[in-house]
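J.: sequence first, predicted coordinates after that:
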Amino acid sequence: MAERNPYEVLGVSRQASDGEIKRAFRKLARQHHPDRNQGDAGAEAKFKEVQAAYDAIGTSEARREFDQQEQMRNMFGGGGRGRGGPSMNFGGMGGMGGGGIEDLLGQMFSGGGMGGGMGGMPRQPSRQAPRQQPKAATINVGLDLTMAQAEEGGEFTFSYKRFKRQGTSMETKRTTMKLRLNPGVTHGTTKTLKGQGHDHPEGERGDVVVSVRIDAGEAYRWEGDQLIMEVPVPYSVMMLGGKVSVKLLSGKTGNLSVDPLTQVGDRRRMGKAGYNGGDLTLEFVLEEPEALTKEQQKALKDLGSTGL
């Protein structure tokens with residue numbers, strides 16, 4: 001069975017910040033930890049899967065490496081996982097019939113097949129209209145910012161791997177660049193850097209697309225451009241109603257009213273309480289205590305006897 005994508009395993013989007021990934025891992029690891037599920041082989045297998053997913057994308061460096069390796073594997077049809085990245089030689093290809101090398105390179109680089117003959121491979125005259133110059137595939141890069149960095153804007157450094165032409169070979173090279181962002185840049189903003197991506201053996205150099213990912217902090221996550229704040233609520237308050245204390249992005253704290261029979265996942269919107277003056281969506285989640293007192297255990301048993 002093929003390994004699941006680590007983003008899918010952790011239940012986060014590819015636009016999730018590094019902080020969101022860490023929080024998702026902690027939540028799943030606590031849920032499926034063998035100490036909490038003794039004798040449960042399924043939980044143990046899930047815990048190992050979650051740990052492996054976090055190993056793959058749990059740090060900025062590991063995530064960047066995974067994302068770029070995945071892009072390269074897609075370009076090469078599953079190849080190119082070696083340390084330092086793949087290299088290829090496209091000189092002296094004469095004698096390969098059936099257009100095999102052109103088909104292969106056409107998968108590696110966008111824009112269709114290769115142009116006029118390469119390395120002793122003459123192309124037969126074509127009656128079709130001239131095609132546009134082929135262009136290398138786009139490189140997608142994530143740029144993680146804290147809330148303060150996003151609000152202030154400025155110049156930020158990031159790096160990525162790209163294919164660079166060296167004579168008759170294509171080799172991988174790590175490139176470091178700087179990107180200036182305006183104050184108040186939004187989560188999910190993309191910036192296209194023209195001609196800063198992969199070299200193409202015969203065509204135009206590709207682009208780099210940088211996606212801004214803002215880490216709003218503990219208890220927060222993004223759904224598209226919508227900021228979600230998880231509000232833990234005790235079970236008794238969910239059932240009977242009451243108030244819970246919340247701390248907003250501004251640092252202000254207050255009491256939030258919870259209606260009786262509130263369900264896990266119910267939401268409430270607060271205008272101008274989110275990032276950069278936007279709305280904030282509050283999502284009610286069940287508060288999970290680390291341990292129960294004897295009185296709490298007895299109360300739950302009594303409650304269970306009533307059918308709740």
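T.: In hand now; what should we look at?
J.: C-alpha only now, for contacts and for neighbours.
T.: OK.
J.: count of neighbours near the closest residue to Tyr235 other than its chain neighbours?
T.: Of all residues not flanking Tyr235 in the chain, Leu286 sits nearest, at 6.5 Å (Cα to Cα, 6 or more residues apart in numbering). Residues lying near Leu286 (other Cα atoms under 10 Å) number 16.
J.: correct me, but Leu286 touches Pro234?
T.: Yes - using Cα atoms under 8 Å, Leu286 is in contact with Pro234, at 6.1 Å.
J.: pLDDT at Phe76, what is it?
T.: At Phe76, the pLDDT value in this model is 52.
J.: if you could redo that for Leu227, that was the one I meant.
T.: pLDDT, Leu227: 92.
J.: with Lys191 instead?
T.: 96.
J.: how about the one 3 residues further on?
T.: Here, the pLDDT recorded for Lys194 equals 95.
J.: quick one: the helices in the stretch 201-308 of the chain?
T.: 235-240, 294-304 (DSSP state H, counting those that start in this stretch).
J.: residues of the shortest one that come out buried?
T.: With burial defined by 16 or more other Cα atoms under 10 Å, the residues of helix 235-240 counted as buried are Tyr235, Val237, Met238.
J.: quick one, domains of the protein?
T.: Here the domain assignment for the chain is 1-58, 134-214, 225-290, based on automatic domain parsing.
J.: do you know which of the helices of the stretch 201-308 of the chain lies nearest Tyr7?
T.: helix 235-240 (30.2 Å; Cα to Cα).
J.: now do that closest one: distance to the chain's middle.
T.: Taking Cα atoms, centre = their mean, to the nearest Å, one finds helix 235-240 lying 35 Å from the centre of the chain it belongs to.
J.: residues making contact with that helix?
T.: Lys243, Val258, Asp259, Pro260, Leu261, Thr262, Gln263, Leu286, Glu287 (Cα atoms under 8 Å, 6 or more residues apart in numbering).
J.: go with 7 Å
T.: Helix 235-240 is contacted by residues Val258, Pro260, Leu261, Thr262, Gln263, Leu286 when judged by Cα atoms under 7 Å, 6 or more residues apart in numbering.
J.: could you give the number of residues near the second one?
T.: Going back to what we said before, that points to Pro260. Neighbour tally, Pro260, other Cα under 10 Å: 13.
J.: residues in contact with Leu308?
T.: Applying Cα under 7 Å, 6+ apart, no residues qualify as near Leu308.
J.: need the per-residue pLDDT for it.
T.: 76.
J.: against Ala41, how distant is it?
T.: 29 Å (Cα to Cα, to the nearest Å).
J.: wait, isn't Lys135 in contact with Glu204?
T.: Yes - shown here, Lys135 and Glu204 form a contact pair, counting by Cα atoms under 7 Å, at 4.5 Å.
J.: with neighbour numbers in mind, choose between those two.
T.: Lys135 (21 against 17).
J.: just the pLDDT for the more buried one.
T.: 90.
J.: Val12 too?
T.: pLDDT, Val12: 89.
J.: ok, the residue lying closest to it once chain neighbours are set aside - how many residues close by?
T.: In this structure, Val12 finds its nearest non-sequential neighbour in Ile21, 6.8 Å apart by Cα to Cα, 6+ apart. With neighbours defined by other Cα under 10 Å, the count for Ile21 comes to 22.
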